[in-house]
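*Asks:* dropping the sequence and predicted coords here.
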Amino acid sequence: MSFERSTVAAWQLVRLRGVAVIVIALAGCAVGPDYRGPAPSPLPAQYQALDAGMSADPASDRWWELLADPVLSAFVADALADNPDLAAAEARVRESRALARAAGAGFLPSLNSSGRISRDKLSLNGENLALIPITPPVTAFTDYRIGLDAAWEIDLAGHTHRQVEAAVARFGSRAETRNDARVVVAAEVASAYVDYRVAAARLDVARRTLATLEESARLVGLQQQAGLASESDLKAADAERLSSAGLPATLEASRLAAELRLAALTGQATTTLAPRLEAGSAIPGVPAKAPVGLPAELLRRRPDIRGAERELAAATADVGSAIAAQFPRLSLVGDAGFDSVRSGDLTSAASRFWNVGPQLTVPLFAGGRLHRQTEAAKAGQEAALAVYRGTVLRAMSEAETAVVRFAASRRDAAGLDSAAGQLAGRAALERRRYDAGDISMLEVLLAERASNHAADQRAESAGRLALDFVALQKALGGGWQTAEAR
């Protein structure tokens, strides 16, 4: 009998292995659509508003270095390393990576161990004892049980395969969300830094202008006392002084607000930032030739486009997963261990038990739930495709708009810079004429007021040009490429 039992057990093992080989061969046939990627978007060959100050050379990844301001570059590096929003985005990437790896564990068998001690009381009238001619039967006892149970689902229709595809694609989408956050943070740091420099430059001009107006009002007052100016002239001079008296405080508040933004973006205290900001002075100047690349490069450079493409891939895998849920699911299951009503006999040979075999689950009726889930997944795929197309169109619009504004700002800045230089020269000439006794101090102050006004406009224009350069680089998707490989 021992030989016969061994022969039967061996034959059963051979049959189970044969079944396993067959189902493994069938596995890997994933139902549902395979992801092929969206159709190429029709993009123009180059940006329409390119001028002499821009080139079609590949856009720079570390674009802030083109502004040639070491202080700004250091702030951007600090923010990319220690910004709280980036830290949260990075944590979400790690979370998504872990979920993708967890989904991949579905390809492997599971093994669990268990142990149990229970006090049982059987019914004399129940199906277990009512028909057994034992008098008197034992109805109360303690049961001891330890064992292992295992299960391995054979991915016949590719249900697990599609789930892993979706999880990996969503991990890629989270990574692109992190990358997009890096683009935004770098641009916000540069914008805050430019705002600080513009406010500081305009504050210096406003203080000079206020000093000039105060001196003009004082001189008009002396002329009025001497009968050389009317009371109306004095009131006009005093009103002009008063109208400009509050501007320095407003600009000081703007400078402080920009400093606080920098502190929040870089995760540093304002007491730490102040000495570093004092190390620089000028508004960052844009490069003579700003590389903007080609529109087709947006598909590769912009993280939001890349993330939308990954979401489309995930939605496509969701369709396959929903379809696979309508197919039969096959698993190899088994358990083994020891079971006894006497603790001393628990590990004896007579207490052993085991069973192993295939388990097939066939969905027959679910009230239309599985079909509706497939419909929902297909609708989600269509929505993801529409989002992708919209993201590409929006990115192209943003890039074209940024190119137009940057070109216009450069022309405006060039004109104001020339005008400010001429008026500054005129003010210096008037000062020399006053020193020679040819004109009055009021005429000198009038020329200096005009020069200060032009200098204020030039500072605003230079800041607008720098901000438009930052907006252009953000629209081109630069800045995330410096992220460390994770």
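*Replies:* Right, received. Where do you want to start? Numbering: from 1, shown residues only.

*Asks:* what about the longest strand in this structure?
*Replies:* strand 140-154 (DSSP state E).

*Asks:* what packs against it?
*Replies:* Judged by 3 or more Cβ pairs under 8 Å, 6 or more residues apart in numbering; DSSP states H and E, strand 140-154 is in contact with helix 2-26, strand 110-121, strand 329-340. Quick note: C-beta positions are derived from backbone N, CA and C, even for glycine.

*Asks:* one more time with 6 Å
*Replies:* Here strand 140-154 touches strand 110-121, strand 329-340, going by 3 or more Cβ pairs under 6 Å, 6 or more residues apart in numbering; DSSP states H and E.

*Asks:* number of nearby residues for the residue nearest to T209 when sequence neighbours are not counted?
*Replies:* Excluding the flanking residues, the one nearest T209 by Cβ to Cβ, 6 or more residues apart in numbering is N452, at 4.3 Å. N452 is flanked by 25 other residues according to other Cβ atoms under 10 Å.

*Asks:* go on, G425?
*Replies:* Neighbour count of G425, defined by other Cβ under 10 Å: 12.

*Asks:* which SS state does it fall under?
*Replies:* helix (DSSP: H, G, I helix; E, B strand; the rest coil).

*Asks:* so, low pLDDT: which residues of the stretch 151-300 of the chain?
*Replies:* Residue ranges of the stretch 151-300 of the chain with pLDDT under 70: 229, 233.

*Asks:* show me where it has helices.
*Replies:* 159-225, 231-245, 247-266, 270-278, 298-301 (DSSP state H, counting those that start in this stretch).

*Asks:* tell me the most buried of the ones you listed?
*Replies:* Mean neighbours per residue, mean count of other Cβ atoms under 10 Å, is largest over the helices of the stretch 151-300 of the chain for helix 159-225, with a mean of 21.

*Asks:* and the angle for that one with helix 270-278?
*Replies:* Computed by axes from the mean of the first three to the mean of the last three Cα atoms, to 10 degrees, the angle separating helix 159-225 from helix 270-278 equals 70 degrees.

*Asks:* domain parsing for the protein?
*Replies:* Following the assignment in automatic domain parsing, the chain carries domains at 1-30, 32-108+156-327+369-482, 110-154+330-362.

*Asks:* okay, these, which one's buried deepest?
*Replies:* Compared across the domains of the chain, domain 32-108+156-327+369-482 shows the largest average neighbour count, a mean of 18 (mean count of other Cβ under 10 Å).

*Asks:* and it, how far out from the chain's middle?
*Replies:* 16 Å (Cα atoms, centre = their mean, to the nearest Å).

*Asks:* and if you look at stretch 145-163?
*Replies:* 35 Å.

*Asks:* quick one, phi psi at the residue nearest to A290 when sequence neighbours are not counted?
*Replies:* Leaving aside its sequence neighbours, A290 sits nearest to M54 (Cβ to Cβ, 6+ apart; 4.9 Å). M54 has phi and psi values of phi -130, psi 160 when expressed as degrees, to the nearest 10.

*Asks:* doesn't V292 make contact with M54?
*Replies:* Yes: applying Cβ atoms under 6 Å as the test, M54 and V292 come out as touching, 5.2 Å apart.

*Asks:* could you find the closest non-adjacent residue to A296?
*Replies:* Using Cβ to Cβ, 6+ apart, the closest residue to A296 is L43 (5.3 Å).

*Asks:* tell me which element the one you found falls in.
*Replies:* Using DSSP states H and E, L43 maps to neither a helix nor a strand.

*Asks:* repeat that for F75.
*Replies:* Per DSSP H and E: helix 70-82 holds F75.

*Asks:* repeat for F353
*Replies:* F353 is part of strand 352-361, with elements assigned from DSSP H and E.

*Asks:* what's in contact with stretch 199-211?
*Replies:* 244, 247-248, 251, 254-255, 283, 452, 455-456, 459 (Cβ atoms under 6 Å, 6 or more residues apart in numbering).

*Asks:* for E309, which non-adjacent residue is closest in space?
*Replies:* Nearest to E309 is Y388, by Cβ to Cβ, 6+ apart, at 5.9 Å.

*Asks:* so what's that neighbour up against?
*Replies:* 38, 308-309, 312 are the contacts of Y388 under Cβ under 6 Å, 6+ apart.

*Asks:* pretty sure it sits in a helix.
*Replies:* Yes: membership of Y388 in a helix is supported by three-state DSSP.

*Asks:* most widely separated two among the contacts of stretch 199-211?
*Replies:* S244 and I283 (21.5 Å; Cβ to Cβ).

*Asks:* the residue lying closest to S216 once chain neighbours are set aside and L423, how far apart?
*Replies:* In space, and not counting its chain neighbours, S216 is closest to L445: 4.7 Å by Cβ to Cβ, 6+ apart. Distance check for L445 against L423: by Cβ to Cβ, to the nearest Å, it reads 14 Å.

*Asks:* what do you get for L465?
*Replies:* Counting by Cβ to Cβ, the gap from L465 to L423 is 19 Å.

*Asks:* with D339 instead?
*Replies:* 100 Å.

*Asks:* next: P284.
*Replies:* 23 Å.

*Asks:* quick one: pLDDT of the residue nearest to S216?
*Replies:* On pLDDT, L445 comes in at 75.

*Asks:* quick check: which element contains it?
*Replies:* Assigned by DSSP H and E, L445 falls within helix 441-475.

*Asks:* by how many degrees do that helix and helix 159-225 diverge?
*Replies:* Angular relation of helix 441-475 and helix 159-225 on a 0 to 180 degree scale: 180 degrees, by the same axes, to 10 degrees.

*Asks:* what is helix 441-475 packed up against?
*Replies:* helix 159-225, helix 369-435.

*Asks:* how about the ones you listed in TSV, adding distance to A77?
*Replies:* What follows is those, written out as TSV (distance: least, Cβ to Cβ, whole Å):
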stretch	distance to A77
helix 159-225	9
helix 369-435	24
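
*Asks:* and of those, who's closest to Q481?
*Replies:* Using Cβ to Cβ, these put helix 159-225 closest to Q481, at 8.3 Å.

*Asks:* returning to that earlier point: any chance of the helices and strands packed on strand 140-154 in JSON lines, plus mean pLDDT and distance to A199?
*Replies:* Below are the helices and strands packed on strand 140-154 laid out as JSON lines (pLDDT from 0 to 100; distance: least, Cβ to Cβ, whole Å):
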{"stretch": "strand 110-121", "mean pLDDT": "91", "distance to A199": "62"}
{"stretch": "strand 329-340", "mean pLDDT": "92", "distance to A199": "65"}
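
*Asks:* can I get those in a markdown table including distance to A169?
*Replies:* Converted to a markdown table, the helices and strands packed on strand 140-154 look like this (distance: least, Cβ to Cβ, whole Å):
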| stretch | distance to A169 |
| --- | --- |
| strand 110-121 | 25 |
| strand 329-340 | 23 |
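
*Asks:* sounds good, over and out.
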